[in-house]
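**Student:** Give me a model of this one.
(2 chains)
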Protein chains: 2
Amino acid sequence: MTVNHALKLRSRPDGMVKRDDFEIVEEPAREPGDGEFRVKVEYVSLDPAMRGWIAPGKSYVPPVELGATMRAFAAGIVDSSNHPGFRPGEAVAGMLGVQRYAISKGERCFKVDPSRAPLERWIGGLGMPGQTAYFGLLEIGRPQPGETVVVSAASGAVGSLVGQIAKIKGSRAVGIAGGPEKCRYVVEELGFDACVDYKAGNLAADLRAACPDGIDVYFENVGGEILDAVLAQMNLFGRIPVCGLISAYNATAPVAGPTNFRSILVNRLTVRGFIVFDFQEKIADANEQLGAWHAEGRLKMREDVREGGLEAFPDVLNLLYTGGNFGKLVLKL
Amino acid sequence: MTVNHALKLRSRPDGMVKRDDFEIVEEPAREPGDGEFRVKVEYVSLDPAMRGWIAPGKSYVPPVELGATMRAFAAGIVDSSNHPGFRPGEAVAGMLGVQRYAISKGERCFKVDPSRAPLERWIGGLGMPGQTAYFGLLEIGRPQPGETVVVSAASGAVGSLVGQIAKIKGSRAVGIAGGPEKCRYVVEELGFDACVDYKAGNLAADLRAACPDGIDVYFENVGGEILDAVLAQMNLFGRIPVCGLISAYNATAPVAGPTNFRSILVNRLTVRGFIVFDFQEKIADANEQLGAWHAEGRLKMREDVREGGLEAFPDVLNLLYTGGNFGKLVLKL
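**Tutor:** Coordinates of the predicted model:
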């Protein structure tokens, strides 16, 4: 009999996630029923939104219930199948959860091609984070040639693609990242025009130097002081796709909003929140375009793969909120 | 010789406007040159945006220079003319400034018809405030039948029209205003479905009671705590046209942004700042539609006309920021 190990939510964290907010449960791996298949999960995606999924408040998806398996995008290999579209041995990525064996009916689960890119990349730049960058930038940001696009968390899974797609579209790409190593990577490896180190202590001035013509599009991943600094430098009719506000996800008290909110009025900005599922009907186009750019070598991607199995999940997740990862954060099971 | 009296900006106010931030200068009224006409100004519009026009910082129009005549929309009668399109005796409204006699080339100055509505209304509901309500609600808010539209400063020049236009479009209209008298007016005279008194001390609960299905469109005039309360009750894919943030216009220190900024992400809101000039190419349509609704008795408008001449301007202007006016605030010269 196959044994599953699943990470279950035991308590809703207060502030940063702790190990004992979760427990690992050993249980028999269920056999796939009619129209189902079973996946042996190899890689689990760590995404900033996860902190919201285990918070009690209203968010864009229902919270993970106490006692339920932690929700996650993951990639693995079909292990047995009663589903006509998925055969054993095929590689898949989808909403499979933080567990060793997952049952799927094929909803939000896609076959992927490991010959085109390693398995972990299909939950990264070629998966949801890539689609997120694509839709947020192109559908909401709508960068024009010569415009300046700024993205925070620029070395991360989403941010790294936002800047590269902005360059493909003829815009100037400026990243914001934490520390000289990440900033060097963003410019030298990813090809952004500049990258501002928000930890260097001169955010407003450094941003102004990197964006001499102001900012037309700001792809927002972080919120907090960085959002405030950017708002002060936005150009007329600028666009701000709001993808994430990671700086506030572990807050234990109400978070102050941006002092420069008034820039929205003065500069007639459009600020729009989104998640990737809002563009579900265009997802095939996004995947095709991202795959093509990747194949042409125009999109560089970097995964930060961590070992340690299910036990390591809480600690690895916290890396996202401390800037401890470098590239798309993935847990190898 | 005709004598002009003009209100000139003497100093940039710190906080609320004071009388000695301005001085009244007596000077000969200039005769109109070639292609110009002169207007005897009868009514000056007091608008929340004025506080921004005399602030030092960047705003959506260049600030009024020290020593210059205070900028204002105003209405009056053409007194002499060398312009082919404007004849003596005709009524006009436009950017004429806070002064007794104004020279115009006809730019941003329109002939109005005093037989259709009193002169002061052409700088109110049938002028820029009406156009502002029209464009912000219909172009950005895009209310659908059955949706809930909330507007702050609901008894004011812009807000009163936002709710009435929302009703015309088949939406539920909920106002927010200060005090029971204004709230009664908003519901009983203007025909809103409900009006919440933000001074009553139960804003969040009263708003929830008035909007049992949540809020789809919030037309923002005020900012501050009201914005925060509304953000917490917005529905998925809601729209927030940002027309004004009057609660912050006299601030002498940085203003905290909305604590519930995250609602933009969670509910995938669109927040967009605008001013009426952003829709300049559609202004004739707006005027025609507003005029037609007004003629049909479907748009009620109320002016709060103050006497006292140029000397009274600073005190009258401050009424806007304390909620001391009731209806479109106008100064009669």
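**Student:** gap between A:G201 and A:G178?
**Tutor:** 12 Å (Cβ to Cβ, to the nearest Å). Every residue, glycine included, has its C-beta placed from N, CA and C.
**Student:** Which one's more surrounded, the two?
**Tutor:** Higher neighbour count among A:G201 and A:G178: A:G178, with 20 against 8, using other Cβ atoms under 10 Å in any protein chain shown.
**Student:** burial count for the residue nearest to that one when sequence neighbours are not counted?
**Tutor:** Excluding the flanking residues, the one nearest A:G178 by Cβ to Cβ, 6 or more residues apart in numbering or on different chains is A:G323, at 4.4 Å. When neighbours are counted by other Cβ under 10 Å, A:G323 registers 18.
**Student:** I'd say A:G323 and A:G159 touch.
**Tutor:** No. With contact defined as Cβ atoms under 8 Å, A:G323 does not count as touching A:G159 (11.9 Å).
**Student:** which bits of the stretch 101-250 of chain A sit near chain B?
**Tutor:** Within reach of chain B by Cβ under 8 Å from any Cβ of the partner chain, the stretch 101-250 of chain A has these residues: A:223, A:228, A:242-245, A:248.
**Student:** top of those by neighbour count?
**Tutor:** Counting neighbours by other Cβ under 10 Å, A:C243 leads those with 30 neighbours.
**Student:** Please name the residues that touch it.
**Tutor:** A:132, A:136, A:158, A:219-221, A:274, B:265 (Cβ atoms under 8 Å, 6 or more residues apart in numbering or on different chains).
**Student:** how about low-confidence regions in the stretch 51-200 of chain A?
**Tutor:** For the stretch 51-200 of chain A, applying pLDDT under 70 flags the ranges A:58.
**Student:** where exactly do the helices run in it?
**Tutor:** Assigned by DSSP state H, counting those that start in this stretch, the helices in the stretch 51-200 of chain A fall at A:128-135, A:159-168, A:180-184.
**Student:** Out of those, which is closest to B:M234?
**Tutor:** helix A:128-135 (21.2 Å; Cβ to Cβ).
**Student:** Can you pull out the low-pLDDT segments for the stretch 201-333 of chain A?
**Tutor:** For the stretch 201-333 of chain A, no range has pLDDT under 70.
**Student:** Sort out which of the residues of the stretch 101-250 of chain A next to chain B are in strands and list them.
**Tutor:** Among those, the members falling in strands (DSSP state E) are A:V242.
**Student:** Of all pairs in the residues of the stretch 101-250 of chain A next to chain B, which one spans the longest distance?
**Tutor:** Largest separation among these by Cβ to Cβ: A:D228 and A:C243, giving 17.2 Å.
**Student:** for the nearest residue to A:M70 once chain neighbours are set aside, what are its contacts?
**Tutor:** Nearest non-adjacent residue to A:M70, counting by Cβ to Cβ, 6+ apart: A:V98, 4.1 Å away. Applying Cβ under 8 Å, 6+ apart, we find A:V98 in contact with A:6-7, A:44, A:69-72, A:74, A:310, A:313, A:331.
**Student:** now swap in A:G178 and tell me
**Tutor:** Contacts of A:G178 by Cβ under 8 Å, 6+ apart are A:197-199, A:323.
**Student:** Show me chain A divided up by domain.
**Tutor:** A:3-124+A:301-332, A:128-277 (automatic domain parsing).
**Student:** Buried deepest among those domains, which one?
**Tutor:** Among the domains of chain A, domain A:128-277 has the highest mean neighbour count (mean count of other Cβ atoms under 10 Å in any protein chain shown), at a mean of 22.
**Student:** Kindly check the end-to-end length of that one for me.
**Tutor:** In domain A:128-277, first residue to last residue: 9 Å (Cα to Cα, to the nearest Å).
**Student:** go on, stretch A:299-310?
**Tutor:** The straight-line separation of the ends of stretch A:299-310 (Cα to Cα) is 30 Å.
**Student:** Equivalent analysis for stretch A:17-37, please.
**Tutor:** End-to-end distance for stretch A:17-37: 32 Å, by Cα to Cα.
**Student:** same question, stretch A:83-98
**Tutor:** One end of stretch A:83-98 to the other measures 22 Å (Cα to Cα).
**Student:** now swap in stretch A:208-219 and tell me
**Tutor:** End to end - Cα to Cα - stretch A:208-219 spans 17 Å.
**Student:** swap in stretch A:301-313?
**Tutor:** 22 Å.
**Student:** buried stuff in the lengthiest helix in chain A?
**Tutor:** Longest helix of chain A, by residue count under DSSP state H: helix A:283-295. The neighbour-count check on helix A:283-295 (16 or more other Cβ atoms under 10 Å in any protein chain shown) flags A:283, A:286-287, A:289-291, A:293-294 as buried.
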